[in-house]
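K.L.:
requesting a structural model of the entry that follows:
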Amino acid sequence: MTEKKFSVCFEPGHRVINGQKGDSLLDLAIIAGTGLCASCGGEGVCGRCRIKLIEGELECEDHLQISAEEFAQGIRLACQSRLVSNVTVEILAESRFDTAISGDAISCTLQSRPESVKNKPVLPLRKVFLKLVPPSGADNSSDLGRLKRFLKPFCPTEPDIDYHLLSSLSETLREKNWKITVSLLETPNGVKIINIQPGDQTLTTYAFAFDIGTTGVRGQLLEVTKSQVLAQATEYNGQIPFGEDVISRINYAAREGGLNQLQQAVVNTLNNLGQAMLSECGLEASDIAFATIAANTTITQLLYGLDPKHLRLAPYVPLASELPLIPARHINLSICPQAYIYTLPCVASYVGGDIVAGVISTNIPHREGLVLYIDIGTNGEIVVGNKDFMLTASCSAGPAFEGGGIKNGMLAKPGAIEDIELEPQSFEPKLSVMGSGNPKGICGAGLINTVSALLNCGLLGQNGKYNTHIKTGRLRKGADGYEYVLAFGREFGQGQDITLSEVDIDNLIRAKAAMYAGYQTLLENAEANFKNLEKVIIAGTFGAKLNIKKAINIGLLPELPEEHFIFVGNGSLAGARLCAFDKNAQTEASAAAKMMTNVELSESVSFMDNYMAAMFLPHTKSTDFPEVYAALGKFNGGRI
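P.N.:
Numbers count the residues shown, from 1 in each chain. Have a look, this model is predicted:
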C-alpha cells in the first residue's frame, strides 16, 4: 500500500513540497531550499530552526527551546516536528538566511604581493597559438604526434593530454585549417594539455578563485594573463542548513546520503556564485579554464565527497594534506569541462588551506619579526612565526563570533546591530545597525562592542553577570537568567525583543577565552610572549569590522598598542587568487604547509590553564591588561 503523501507550504516564498507521514520538517525544508537555519544540524540543541504553524497539524512535543507561551502561539522547532497532515508554516525571520552576504574589498592585482616574493610570475595555465603543417604523403604522422611535435618549443618535456580531448582532436585540428590554441596546465608531474580550441584564443584566459568558509563563500572572476579581478561575489555556504559548524557537518555526513547532500550543497553555492560573476562580465561557464580553492580541511573533504569522519576521531588525521589537481567535471563545477581545480594544501584536521592561503598572502614565511596571525571565526585558527618557523593551532571557539549560539544572534548583514553607545545614567542604548534599517539581531562585532559597553558602564560585572542592583527598565529576568533589552520589538514592528542574556555573554566569554588562550599557548610553545610580537595580523571578513579597543577591553585581543594590529581582509581569498595568477605561489603554499607545525590544543594542559584564566572580562590577570583595569576602575568609580 502506497504511503499517503502530505503537502507542506513554506512561507515566505510559497515553496510547496510533498512528504510522507513522519517526515522531518527540517529535512523537507532543506530539500525545498528554503534557507532555514539549523546550527546544530538537526540535533535539537541550538533552537535556531524556529517555524510558526499557520495551518494544519504537526507531531511535536514541548521543547526547552520553546516557551509555553510560544508553543501556544504555534512556534515549533522544525527539526523536532513531524508531518501528520497538510500544513502551512512560516519560517521566522530570525531563522532564515539570505542568499548573499556583503563581501570585503580585496586588492585586485598581483602587484599587491610583498616585494620579497615578487619573482617573475609563472602562469599555472597558459595558452599557445600554433600553426601546424597539415599531413601529407611525405609526413603522415598521427594527429596527436603532430601536435606534440609542434609543441616542443613550448614544453621542455613531452606533455600529457587529457583523454577527453582525443575524441574531438581530429575535427578541432582541421576546423580552422590546422590553426589551434592549446591550453597547457603546469602540474607537479609536468605539463598537461587540458584544452584545444580552433583558431587563436590566446587574448584572454579566465579563472575562478574561491574561499569556501564554514559560513560564507567568496569568489572572484580573474583574467589570468593580466592578473586582474573582473568581478567578485559572496554567498552563504549552502551547507549551513546541515549544521553551522564543521563538527555538526561531519556528524551529518555520517547519515545515509548525508555526504552527497553536503557535497551538492557547496558545489551549488560555487556554481551560483560563478554564474553571478559570469553574467556580470558577459561570459560563459565554458570560458573558465582553471579554478583555485582555499577552504578548511573539513570543507575541502566535503567538497570532493571524501568522508571526513576521521577528522574528529583521535589522532585527528585528514585524508590527505595535498590533493592532486581535480577535474572540474568530477564534482560538476560549472566551468570548462576540461578545466582543473587546484586546492591549497591543508596542515591538520582543523588547520586547512584557508590558513595556508592567508599565510602566503601576508608573506609570513619571509618575515623577519615574530608575527601572530589570527583568523577569528567559528573555527578560530592561529599562526605564530616568521621565516624561521611557524606554529599553528585551531581553537574551537564556537559560532558566537558569527552570531551562532546567541539567542538573537545573526551574521553581519543588513539589520544586524554592529555597535552600541550606552547613556551612563539611564543605560539607554543608541544602536548602530547595518544598512541603517530596523534591528533584526546582533552580529559578532556587535556582540563584542555591546559587552564592552555594558562592562564599561558597570551594568555588567567582570564575571559576565549583570549587576541586578542597578535599576533600569532594560534589565529584566528572562528564560535564560537576566538579560538586557537592546531593542523592544514593539518599537520596530516585530514581535520579538532583541536581548542579550547572561547565557549569551557566557558563550562569548568562552569563545574569546579559547582564542586568547590559543595565542598564549602557541607563544609559550615558541618560548615567546605578546611583547615579542612585531605585528598581529587579523584576517577574515569579521576581522575587518572589529573595534580593536573594544576587543582588547573584553580580552579577545592582547593589550598592545593599536599600531601593532593589521587588518588584511580576506587573506584566504587573496591566497587563492595568487595561486591562480602564479605557479610560484602554489609552490610557496606547499612549502608553507610543510613548514607549519600543528599544536593540538585539546591535549595541552597549558591551554586549559590559560583558558580558565581567560574566563573573565577581560582576564583574571590584571597584569595582562593594566590599562583596561585602570579604565574599568575609573568608569566604575574605583570599583572593579
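
K.L.:
drop to CA atoms for contacts and neighbour counts, all remaining ones
P.N.:
OK.

K.L.:
quick check: beta-bridge partners of Val191?
P.N.:
Taking DSSP bridges, one obtains Glu186 as the residues bridged to Val191.

K.L.:
next, the residue nearest to Gly56 when sequence neighbours are not counted: phi, psi?
P.N.:
Nearest residue to Gly56, sequence neighbours excluded (Cα to Cα, 6 or more residues apart in numbering): Val87, at 4.3 Å. Val87 adopts backbone torsions of phi -140, psi 160, taken as degrees, to the nearest 10.

K.L.:
Glu57 is in contact with Val87, correct?
P.N.:
Yes - using Cα atoms under 8 Å as the test, Val87 is close enough to Glu57 to be in contact (6.4 Å).

K.L.:
returning to that earlier point: distance of the residue nearest to Gly56 relative to Lys52?
P.N.:
The spacing between Val87 and Lys52, counted by Cα to Cα, to the nearest Å, is 11 Å.

K.L.:
then Gly13?
P.N.:
Using Cα to Cα, we find Gly13 at a distance of 15 Å from Lys52.

K.L.:
which of those two has more residues huddled nearby?
P.N.:
Neighbour count, other Cα atoms under 10 Å: between Gly13 and Lys52, Lys52 has more, with 20 against 10.

K.L.:
burial count for the residue nearest to Gly56?
P.N.:
Residues near Val87, counting by other Cα under 10 Å: 18.

K.L.:
beta-bridge partners for it, please?
P.N.:
Going by DSSP bridges, Val87 forms beta bridges with Val8.

K.L.:
OK, contacts around it?
P.N.:
Phe6, Ser7, Val8, Cys9, Leu53, Ile54, Glu55, Gly56, Glu57, Leu58 (Cα atoms under 8 Å, 6 or more residues apart in numbering).

K.L.:
so among those residues, which ones count as buried?
P.N.:
Those of the contacts of Val87 that meet the buried threshold are Phe6, Val8, Cys9, Leu53, Ile54, Glu57, Leu58, by 16 or more other Cα atoms under 10 Å.

K.L.:
could you list the low-confidence segments of the stretch 451-600 of the chain?
P.N.:
541-545 (pLDDT under 70).

K.L.:
please repeat the previous calculation with a cut-off of 80.
P.N.:
Scanning the stretch 451-600 of the chain for pLDDT under 80 picks out the ranges 492-495, 540-546, 569.

K.L.:
would JSON lines of the contacts of Val87 with pLDDT be doable?
P.N.:
Below are these laid out as JSON lines (pLDDT from 0 to 100):
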{"residue": "Phe6", "pLDDT": "91"}
{"residue": "Ser7", "pLDDT": "92"}
{"residue": "Val8", "pLDDT": "93"}
{"residue": "Cys9", "pLDDT": "93"}
{"residue": "Leu53", "pLDDT": "94"}
{"residue": "Ile54", "pLDDT": "94"}
{"residue": "Glu55", "pLDDT": "93"}
{"residue": "Gly56", "pLDDT": "93"}
{"residue": "Glu57", "pLDDT": "92"}
{"residue": "Leu58", "pLDDT": "93"}
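
K.L.:
and the chain, split by domain according to the record?
P.N.:
Domains of the chain are assigned by automatic domain parsing as 5-95, 124-198, 207-353, 362-399+509-631, 405-499.

K.L.:
list the neighbouring strands of the host helix or strand of Val536 plus their orientation.
P.N.:
Using DSSP states H and E, Val536 sits within strand 535-539. Sheet pairing here is set by DSSP bridges, and for strand 535-539 it gives strand 371-375 (parallel), strand 565-567 (parallel).

K.L.:
go through the ones you listed and pick out the most buried.
P.N.:
Comparing the strands paired with strand 535-539 by mean neighbour count (mean count of other Cα atoms under 10 Å), strand 371-375 ranks first with a mean of 24.

K.L.:
for it, what is the distance to the chain centroid?
P.N.:
For strand 371-375, the gap between its own C-alpha mean and the chain's C-alpha mean amounts to 17 Å (Cα atoms, centre = their mean, to the nearest Å).

K.L.:
let's have the chain start at 594 instead
P.N.:
Shifting the count to begin at 594 puts that one at strand 964-968.

K.L.:
ok, then the element right after it?
P.N.:
Counting by DSSP H and E, the element after strand 964-968 in chain order, helix or strand, is strand 973-978.

K.L.:
how about that following strand: buried residues?
P.N.:
Neighbour counts over strand 973-978 (16+ other Cα under 10 Å) mark Gly973, Glu974, Ile975, Val976, Val977, Gly978 as buried.

K.L.:
leaving out chain neighbours, which residue sits closest to the second one?
P.N.:
Looking back up the chat, that one is Glu974. Ser987 (4.4 Å).

K.L.:
and that neighbour, its phi and psi?
P.N.:
According to degrees, to the nearest 10, Ser987 has phi -120, psi 130.

K.L.:
I'd say it and Leu1194 touch.
P.N.:
Yes - between Ser987 and Leu1194 there is a contact at 7.5 Å, judged by Cα under 8 Å.

K.L.:
the more surrounded of the two?
P.N.:
Set side by side, Ser987 and Leu1194 show more neighbours around Ser987, with 24 against 20, by other Cα under 10 Å.

K.L.:
residue contacts, that one?
P.N.:
Counting by Cα under 8 Å, 6+ apart, Ser987 touches Tyr943, Val944, Asn972, Gly973, Glu974, Ile975, Gly1111, Glu1193, Leu1194.

K.L.:
any chance of CSV for those, columns distance to Lys741?
P.N.:
Shown next, in CSV, are the contacts of Ser987 (distance: Cα to Cα, whole Å):
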residue, distance to Lys741
Tyr943, 43
Val944, 41
Asn972, 48
Gly973, 49
Glu974, 46
Ile975, 47
Gly1111, 54
Glu1193, 49
Leu1194, 52
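
K.L.:
by pLDDT, rank the residues you listed and give me the bottom one.
P.N.:
On pLDDT alone, Asn972 ranks lowest of these, at 74.

K.L.:
roughly how far apart are it and Lys1000?
P.N.:
Counting by Cα to Cα - Asn972 and Lys1000 are separated by 20 Å.

K.L.:
tell me how many other residues crowd the closest residue to Val1161 other than its chain neighbours.
P.N.:
Leaving aside its sequence neighbours, Val1161 sits nearest to Ala1132 (Cα to Cα, 6+ apart; 5.3 Å). Neighbour count for Ala1132, taken as other Cα under 10 Å: 24.

K.L.:
next: Phe1218.
P.N.:
For Phe1218, using other Cα under 10 Å, the count is 19.

K.L.:
need the contact list for it.
P.N.:
Here Phe1218 is in contact with Pro1151, Glu1152, Pro1211, His1212 (criterion: Cα under 8 Å, 6+ apart).

K.L.:
narrow those residues to just the buried residues.
P.N.:
Buried among the contacts of Phe1218 by 16+ other Cα under 10 Å: Pro1151, Glu1152, Pro1211, His1212.

K.L.:
can you classify the second one by secondary structure?
P.N.:
Think Glu1152. coil (DSSP: H, G, I helix; E, B strand; the rest coil).

K.L.:
just confirm it contacts Asp1217, I think it does.
P.N.:
Yes - counting by Cα under 8 Å, Glu1152 touches Asp1217, with 7.1 Å between them.

K.L.:
what's the overlap in contacts for Ser987 and Leu1194?
P.N.:
Counting by Cα under 8 Å, 6+ apart, the residues touching both Ser987 and Leu1194 are Gly1111.
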